[in-house]
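Novice: give me coordinates for this.
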Amino acid sequence: MVSRRWLYAGGAAGAAVLAVVVALLGVADAITVLAGATAAENVLLAAFGEVIEWFAGVFVLAVLAVVLFAATMVSTVRQLSVPRNARLAAVVARFERWVPPLGRIGAAERLAPTTTDRRAELAERYVDGDVDEATLERELDDLLVEEVERERERELS
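Specialist: Next up, the predicted model:
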């Protein structure tokens, strides 16, 4: 079965190719109008009258291509498997605040390390001797408090 991402990409490519074909047909139509025009006619008005119909088709196809391309990108980003990193999540969250439609993707949440990831990293640092037992217990308590607060926020929303 073909994934959505490939369907979106194929649709975007097809719409873009169709937009180019329609644009070329419009140019050819305008050239035939200019070639067959007589001196008595307003040549530019006649050419514009022919081209405007083609332009509408090109515009609709171009918008469709852009929308499908954006859907392809969103689908691709949602399926990416990237390592969780707090700094990267903070940078992405900043971009999501600047460009609100990016917030719908939820990339910052996907990049933020989970409580389990942070516990594992803390345990590794303890085993390596980078953290003493008191610091380990204090940071584990902080993680527990954060987890409880997140659960409350989820329940309220």
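
Novice: domain-wise, how is this protein divided?
Specialist: 4-80, 82-112, 114-156 (automatic domain parsing).

Novice: for Val2, which three-state class applies?
Specialist: coil (DSSP: H, G, I helix; E, B strand; the rest coil).

Novice: which SS state does Val131 fall under?
Specialist: Relying on three-state DSSP, one would call Val131 coil.

Novice: can you list the residues that contact the one helix or strand Leu122 maps to?
Specialist: Following DSSP states H and E, one finds Leu122 within helix 115-128. Helix 115-128 has contacts (C-beta atoms under 8 Å, 6 or more residues apart in numbering) with Arg84, Pro113, Val131, Glu133, Leu136, Glu139, Leu140, Leu143, Glu146, Glu147. For the C-beta atoms, the positions are set from N, CA and C on the backbone; glycine is no exception.

Novice: buried subset of these, written for PyMOL?
Specialist: Buried subset of those, written as a PyMOL selection, criterion 16 or more other C-beta atoms under 10 Å:
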select buried, resi 113+131+136+139
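
Novice: can you flag which of the contacts of helix 115-128 belong to helices?
Specialist: Among the contacts of helix 115-128, the members found in helices (DSSP state H) are Glu133, Leu136, Glu139, Leu140, Leu143, Glu146, Glu147.

Novice: and the pLDDT for the fifth one?
Specialist: What that stands for is Leu143. Per-residue pLDDT puts Leu143 at 87.
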